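Colleague: Need the 3D shape of this:
(one chain, ligands or ions: 1)
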Amino acid sequence: MRPDPKTLSGQPVIIGGGVAGLMTALRLAPEPVVLVSKGPIGTEASSAWAQGGLAASLGADDDPALHLADTLAAGDGWCDAEIAARITRAAPLAIETLVQYGVNFDRSVDGTIRLGLEAAHSRRRIVHAAGDGTGRELMRALAKAVRNTPSITVLEGIEARRLLVENNAITGVLAADLSGGAPFKAVMLATRRVVLATGGIGGLFLDTTNPQGCFGQGLALAARAGADLADLEFIQFHPTALDGPARPMALISEAVRGEGAWLIDETGNRFLSDLPGAELGTRDAVARGVFRHLAAGHRVFLDARQHPGPGFADRFPGIAAACRAANLDPALEPIPVRPAAHYHMGGVAVDGAGRSSVEGLWACGEVARTGLHGANRLASNSLIEAVVCAGWVAESVAGTPSGTERQASPVPVLTPAPNPAVVRPILSRSLGVLRDADGLREAVSSLLPLASGRDDSADPAAVALMIAIAAWCRTESRGAHYREDFPQHSASPTQSRFGLADAVALARELAPSSVSLTKRAAS
Ligand SMILES: Cc1cc2nc3c(=O)[nH]c(=O)nc-3n(C[C@H](O)[C@H](O)[C@H](O)COP(=O)(O)OP(=O)(O)OC[C@H]3O[C@@H](n4cnc5c(N)ncnc54)[C@H](O)[C@@H]3O)c2cc1C
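Modeller: Okay, the predicted model is just below:
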């Protein structure tokens, strides 16, 4: 039976049951903590779907400094070098911690952890489990560890809808109890310490590899609580999602290209062979190459017939199963692919301990912008970031006094369950792989009235609006953010870090014609 929320008053609340949330809860033990998850732990979490693995410099020929150099190169001049150095240094120990929590990584016959290669890594350093089932194995082991830790109270079927704030400090979480069906009951958790671990935003796009439930709810919670968000324009599009009718799209991991698969078109032409690094170039460059080739009327395929060839299903059992579901045998025929929204480098602006600009609010995992990824994430750097930063966040939360709680009475009214359906086509049209001023202005005009309204699209639209404003303000191309009207780096780039009120003010300047609509929608 679920405990009465009043008995949990004062405990830190972690929102999200992916790797970031589970690790933060484990690292907080034995301090009592509440972990809130929309569904049963692991559902609708990108963590469970991760294929490639976790990057850590474990090889004899490797070093954290090399991992750092690759991370900075992929980040295209936009990483926080100090944070990146701390995380890459901490990565090998984080792998050991995961082993202690019971994660079974793939090992060679001599017992050492096997290391894979992925795009833009100069060494083999990808730690994986069950071939391409890394996320599933991580979540199995961590969920088991969480359930065996008595200090962690797991509340499943609870969706956080608002953070309660007084004088820029957290006072509680207002949530919907989804377990009893609609109309949903409101649940109030009185707390001065909240950790957002709500994952990414792929579900704001039509073409995505993310679970549909990953549509930036944490960003909306933080933005409406007054927190600053940063680097929102940097969205990674994975170049090789399985091109078919299924949504979300199955990911064909970079590790397949790491094992030698090529990108070809319908004529068999290896059209990216001139790109630096060819198929293993940086993700943004490969995604743009694939996108442009598709836009020119070609079809694009990943050809794994020679490499990895007949051993494909042994090395990549999950991907082979996804291909089989689409009636394809990757060992015998090329796999049709297209780019899809995959990972968000931007997020809640946090410091080295995961603290946001609102007192008592931390963020960890994909929802946070730590500065590790810069303008473009290096493959397999996100899970390791979540694992490493969870330790730092837990330490900071544990060192922050719980304060005196006040149960809001009456419990505030719930906002509607957020629904990104209206927002998806807008973002997909204007904020995809290639962007320009006209498309961004159009997106802002459409999103502003939605974001200012009170219906179920308001929260997804508020996040989308902030992304569009950030992309508008970045008048240069860098990493995953490509402006066709500004194809070069700017000589004096500035960081896009702002709150929702600033974004709305900028949007009104940019799209004055939508202001009257906004007023109507808000009234
Ligand atoms: C197909 C795929 C493959 C990937 N492969 C790799 C890889 O090989 N290596 C790598 O490093 N990264 C990989 N990534 C990225 C990586 O998986 C994610 O960045 C990482 O798992 C994010 O973890 P998280 O804990 O922050 O979020 P998630 O794992 O997405 O978990 C967030 C959880 O929060 C819950 N939630 C959201 N909003 C609310 C709310 N309002 N109330 C309650 N709960 C809420 C969600 O339901 C979800 O369960 C991959 C991503 C995808 C989609």
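Colleague: Excluding chain neighbours, what is closest to residue 24?
Modeller: Leaving out its chain neighbours, the residue that sits closest to residue 24 by C-beta to C-beta, 6 or more residues apart in numbering is residue 390, at 4.3 Å. (Each C-beta comes from the backbone N, C-alpha and C, glycine too.)
Colleague: Tell me who's in contact with the one you found.
Modeller: Going by C-beta atoms under 8 Å, 6 or more residues apart in numbering, residue 390 touches 19-20, 23-24, 26-27, 364-365.
Colleague: let's see it at 7 Å
Modeller: 20, 23-24, 27, 364 (C-beta atoms under 7 Å, 6 or more residues apart in numbering).
Colleague: So which of those residues belong to helices?
Modeller: 20, 23-24, 27 (DSSP state H).
Colleague: Those residues into JSON lines, with extra columns for distance to residue 483, neighbour count and pLDDT?
Modeller: Output for the ones in helices among the contacts of residue 390, formatted as JSON lines (distance: C-beta to C-beta, whole Å; neighbours: other C-beta atoms under 10 Å; pLDDT from 0 to 100):
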{"residue": "20", "distance to residue 483": "31", "neighbour count": "32", "pLDDT": "98"}
{"residue": "23", "distance to residue 483": "36", "neighbour count": "32", "pLDDT": "98"}
{"residue": "24", "distance to residue 483": "36", "neighbour count": "29", "pLDDT": "98"}
{"residue": "27", "distance to residue 483": "40", "neighbour count": "21", "pLDDT": "98"}
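Colleague: restrict these to those near the ligand?
Modeller: Of the residues in the ones in helices among the contacts of residue 390, proximity to the ligand by C-beta under 6 Å from any ligand atom holds for residue 20.
Colleague: Serialize the ones in helices among the contacts of residue 390 to CSV and add fields for distance to residue 73.
Modeller: CSV is the format used below for these (distance: C-beta to C-beta, whole Å):
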residue, distance to residue 73
20, 25
23, 27
24, 29
27, 30
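Colleague: for the ones in helices among the contacts of residue 390, which one is nearest residue 181?
Modeller: Using C-beta to C-beta, residue 20 is the member of the ones in helices among the contacts of residue 390 that sits closest to residue 181, with 28.6 Å.
Colleague: The nearest residue to that closest one once chain neighbours are set aside: neighbouring residues, count only.
Modeller: Distances taken as C-beta to C-beta, 6+ apart place residue 365 nearest to residue 20, at 2.6 Å, with adjacent residues excluded. Applying other C-beta atoms under 10 Å, we find 34 residues neighbouring residue 365.
Colleague: and if you look at residue 425?
Modeller: Counted with other C-beta under 10 Å, residue 425 comes out at 12.
Colleague: Please shift the residue numbers so they start at 19 in all later answers.
Modeller: Noted, 19 is the first residue going forward, which turns the last one into residue 443.
Colleague: Check for me that it belongs to a strand.
Modeller: No. Residue state for residue 443 (DSSP: H, G, I helix; E, B strand; the rest coil) corresponds to helix; a strand is not indicated.
Colleague: Now do the contacts for residue 164.
Modeller: 40, 43-44, 170, 172.
Colleague: Low-confidence stretches in the stretch 219-368 of the chain?
Modeller: For the stretch 219-368 of the chain, no stretch has pLDDT under 70.
Colleague: What strand or helix carries the residue positioned nearest the centre of the chain?
Modeller: In the chain, the centroid-proximal residue (C-alpha atoms, centre = their mean) is residue 218; its distance is 3.1 Å. Taking DSSP states H and E as the definition, residue 218 sits outside all helices and strands.
Colleague: Residue of the stretch 319-468 of the chain nearest the ligand, please.
Modeller: Closest contact between the stretch 319-468 of the chain and the ligand, by C-beta to the nearest ligand atom, is at residue 383 (2.3 Å).
Colleague: about what we covered before: just the closest of the contacts of residue 408 to the ligand, please.
Modeller: Distances from the ligand to those, taken by C-beta to the nearest ligand atom, are shortest for residue 38, at 3.4 Å.
Colleague: I figured the closest one hits residue 215, correct?
Modeller: Yes. Using C-beta atoms under 7 Å, residue 38 is in contact with residue 215, at 3.9 Å.
Colleague: so what's in contact with the two at the same time?
Modeller: Contact criterion C-beta under 7 Å, 6+ apart; residues shared by residue 38 and residue 215: 382-383.
Colleague: circling back: so how far is residue 406 from the residue of the stretch 319-468 of the chain closest to the ligand?
Modeller: Computed as C-beta to C-beta, to the nearest Å, the residue 383 to residue 406 distance reads 11 Å.
Colleague: Over to residue 59?
Modeller: Taken as C-beta to C-beta, the span from residue 59 to residue 406 is 21 Å.
Colleague: quick one, which of these two is more surrounded?
Modeller: residue 406 (25 against 22).
Colleague: for that one, what are its contacts?
Modeller: Counting by C-beta under 7 Å, 6+ apart, residue 406 makes contact with 105, 108-109, 112.
Colleague: The ligand: which of the residues you listed is nearest?
Modeller: residue 109 (10.9 Å).
Colleague: picking up where we left off before, in the contacts of residue 164, find the pair that's most separated.
Modeller: Farthest pair in the contacts of residue 164 (C-beta to C-beta) is 44 and 172. Separation: 11.9 Å.
Colleague: circling back: contacts only, for the residue nearest to residue 38.
Modeller: 36-38, 215, 217, 404.
Colleague: how much space between the residue of the stretch 119-268 of the chain found nearest the ligand and residue 417?
Modeller: Ranked by C-beta to the nearest ligand atom, the top residue of the stretch 119-268 of the chain for proximity to the ligand is residue 217, at 2.5 Å. Distance, residue 217 to residue 417, using C-beta to C-beta: 26 Å.
Colleague: With neighbour numbers in mind, choose between the two.
Modeller: Per other C-beta under 10 Å, whichever of residue 217 and residue 417 has more neighbours is residue 217, with 31 against 8.
Colleague: Buried ones in the stretch of helix or strand residue 463 belongs to, by neighbour count?
Modeller: Element membership of residue 463, judged by DSSP H and E, is helix 455-470. Neighbour-count burial for helix 455-470 flags 457-459, 461-470 (criterion: 16 or more other C-beta atoms under 10 Å).
Colleague: hmm, back to that, for ChimeraX, write the selection for the buried entries among the contacts of residue 164.
Modeller: Buried members of the contacts of residue 164, defined by 16+ other C-beta under 10 Å, are picked up in ChimeraX with:
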select :40,43,44,170,172
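Colleague: okay if I get the contacts of residue 164 as TSV plus pLDDT and distance to the ligand?
Modeller: Shown next, in TSV, are the contacts of residue 164 (pLDDT from 0 to 100; distance: C-beta to the nearest ligand atom, whole Å):
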residue	pLDDT	distance to the ligand
40	98	8
43	98	11
44	98	13
170	98	15
172	97	11
